[in-house]
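A.B. asks: with the sequence up front, the predicted model follows.
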Protein chains: 2
Amino acid sequence: MKFEVELKFPVNDLRRVETALADLGAAIEIPVKQSDFYYGHPARDFAQTDEALRIRRVGSKNIITYKGPKIDATTKTRREIEVPLVSGAEGAANIIDMIEALGFLQVAEVTKNRRKANLSFADQAVEVALDEVKGLGEFVELEISTNEDGVDAAREAINQLAEKLGLSGSERRSYLELILES
Amino acid sequence: MKFEVELKFPVNDLRRVETALADLGAAIEIPVKQSDFYYGHPARDFAQTDEALRIRRVGSKNIITYKGPKIDATTKTRREIEVPLVSGAEGAANIIDMIEALGFLQVAEVTKNRRKANLSFADQAVEVALDEVKGLGEFVELEISTNEDGVDAAREAINQLAEKLGLSGSERRSYLELILES
C-alpha cells in the first residue's frame, strides 16, 4: 500500500521559493496549465455522498475522472476511475457537451499554472509543485510517496524541508474546497 | 441537409441474399462484431424524453454517444454527441464502470455481426448491411444517402433493389426497440 505524505503552503513570493529550491539542487520543470472542471450530479448531492466528477485539461490532454466516497478514513483511499479522452479543445468540448446534456452542472473550476520540481532531501525523493491558482494565489506543495513503514520519516523530512524553504501555515483544504468557500 | 433513405428486412437465409448481391456486383466486406450497450439515466426516463446513451464497441474501438430528442418529426434529426474512447476491452470497461458508478443502468444490449456491402444500383450508391443480430435473427438493411431533391429517386431505387433481392415485410422498428419489446 502506497501513502502520499503531503503538505501545502500558501506563499507570497513563489520566485523566492524557486530560488531556494534551485540552491538545494532541484530540477524545476517548465510551467504547465492545468484546468479542473468539477461537475454536480443531476440527482445526487456529491457534497453529501463524498463523490466527485472532474474533467482535467493538462496542456492538450483531457481526462475525465470519477472519485468515489472515501472507503477508509485514515488513509483517504477512494475508488478512482479515469478515462483518457481525445486531446485538444475539441476533445474537451465534446465530453463537456455530453455530460451537460445528461444534466451534470459545472460547480467549480480550478485553474492553475504548475511548475513541478524534483529534489532529493534527507534521503527522500520529494516532489514539489509551485502553483499559481486562479482566484486563490500562490502555493507550494511538498509530497513524498512511501510505504506504511516510511510515513514517519517522510513526514519529518517534509517538515524539515518546509522550514528550510521558509514555509509555514500549512493549508489542509483542497483548492476545490478553498474555491467553493471563497 | 443530408437524408438517409433506409429500409430493413428480416430474412430467413442471409447467404441467399449475399449470393444475389454478389451477382449484382456488390463488394462484400468481412464481418465485424458490433456491440451496443444502452443505458438509462439515474433521474430521467429516456423513453419519455426521447434521449439515449450508448456505448458502442466495433472491433476494438469504443465510442460513447449521447442522442438528444428528435428536433424535427419529419427528418428524425437529433442532436448527437460522440466521444471516441481508448481502444480495447479495458477502454470500454473504464467508461462502463464510470457511468454505472454515476447511477446509469444498462437497459439493453444489441450485439450483431455485420457484413457491409456496397453496390451501384439504378445509378445510386447503395450501402447494404447483412446483420446477424443476437436474439433477433438475420436482417438486411439497404441505405442511400442523398439530398432533399434525391429522396424520391432513392426510395424508388431501394424498393426496386429489395424486390430484386426477394426482400419483403420491412421492419420499421430499430433493433433496440425490437429487443426491448421481445
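C.D. replies: Done, it's in.

A.B. asks: I'd say residue A:41 and residue A:52 touch.
C.D. replies: No - taking contacts as C-beta atoms under 8 Å, residue A:41 lies outside contact range of residue A:52: 9.7 Å. In this view, the C-beta of every residue, glycine as well, is placed from N, C-alpha and C.

A.B. asks: shared neighbours of the two, anything?
C.D. replies: Residues within reach of residue A:41 and of residue A:52 at once, by C-beta atoms under 8 Å, 6 or more residues apart in numbering or on different chains: there are none.

A.B. asks: give me the three-state assignment for residue A:43.
C.D. replies: Classification of residue A:43 using DSSP: H, G, I helix; E, B strand; the rest coil returns coil.

A.B. asks: cool, and the one 4 residues further on?
C.D. replies: Using three-state DSSP, the structure places residue A:47 in helix.

A.B. asks: output the contacting helices and strands for the helix or strand bottoming out on mean pLDDT in chain A.
C.D. replies: Lowest mean confidence among the helices and strands of chain A (mean pLDDT, DSSP states H and E): strand A:77-84, at a mean of 84. The contact analysis (3 or more C-beta pairs under 8 Å, 6 or more residues apart in numbering or on different chains; DSSP states H and E) places strand A:77-84 against strand A:61-72, helix B:88-101.

A.B. asks: just put those in CSV and tack on distance to residue A:31, mean neighbour count and mean pLDDT.
C.D. replies: Below are these laid out as CSV (distance: least, C-beta to C-beta, whole Å; neighbours: other C-beta atoms under 10 Å in any protein chain shown; pLDDT from 0 to 100):
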stretch, distance to residue A:31, mean neighbour count, mean pLDDT
strand A:61-72, 15, 16, 86
helix B:88-101, 30, 16, 89
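
A.B. asks: now these in CSV, with distance to residue A:146?
C.D. replies: What follows is the helices and strands packed on strand A:77-84, written out as CSV (distance: least, C-beta to C-beta, whole Å):
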stretch, distance to residue A:146
strand A:61-72, 17
helix B:88-101, 28
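
A.B. asks: what sits against residue A:33?
C.D. replies: A:57, A:58, A:59, A:111, A:112, A:113, A:114.

A.B. asks: ok, residue A:94 - contacts?
C.D. replies: Counted by C-beta under 8 Å, 6+ apart, residue A:94 has contacts A:85, A:86, B:81, B:82, B:83.

A.B. asks: what about the third one, neighbour count?
C.D. replies: The number of residues packed near residue B:81 is 20, by other C-beta atoms under 10 Å in any protein chain shown.

A.B. asks: distance of the residue in chain A that chain B sits nearest to from residue B:161?
C.D. replies: Relative to chain B, the nearest point of chain A is residue A:43 (3.6 Å; C-beta to the nearest C-beta). Counting by C-beta to C-beta, to the nearest Å, the gap from residue A:43 to residue B:161 is 48 Å.

A.B. asks: return the residues of chain A in contact with chain B.
C.D. replies: A:41-44, A:51, A:53, A:64, A:66, A:68, A:79, A:81-86, A:91, A:94-95, A:97-98, A:101-103 (C-beta under 8 Å from any C-beta of the partner chain).

A.B. asks: please redo it, this time with the cut-off set to 10 Å
C.D. replies: Contacts of chain A with chain B, taken as C-beta under 10 Å from any C-beta of the partner chain, map to A:39, A:41-44, A:51, A:53, A:62, A:64-68, A:79, A:81-86, A:91, A:93-104.

A.B. asks: residue boundaries of the strands in chain A?
C.D. replies: Using DSSP state E, the strands found in chain A span residues A:3-11, A:27-28, A:32-40, A:52-58, A:61-72, A:77-84, A:105-121, A:124-133, A:137-146.

A.B. asks: what's across from residue A:114 in the sheet?
C.D. replies: residue A:32, residue A:131 (DSSP bridges).

A.B. asks: so who does it touch?
C.D. replies: When contacts are counted by C-beta atoms under 10 Å, 6 or more residues apart in numbering or on different chains, residue A:114 touches A:29, A:31-34, A:58, A:129-133, A:139, A:141.

A.B. asks: mind doing that once more with 8 Å?
C.D. replies: So residue A:114 contacts A:31, A:32, A:33, A:34, A:129, A:130, A:131 (C-beta under 8 Å, 6+ apart).

A.B. asks: residue ranges with poor pLDDT in chain A?
C.D. replies: A:1, A:72-77 (pLDDT under 70).

A.B. asks: give me the number of residues near residue A:13?
C.D. replies: 10.

A.B. asks: now for the residue lying farthest from the centre of chain A: which residues touch it?
C.D. replies: Distance to the chain centre peaks in chain A at residue A:101, reaching 27.8 Å (criterion: C-alpha atoms, centre = their mean). Shown here is residue A:101, whose contacts under the criterion C-beta under 8 Å, 6+ apart are B:51, B:66, B:68, B:79, B:81.
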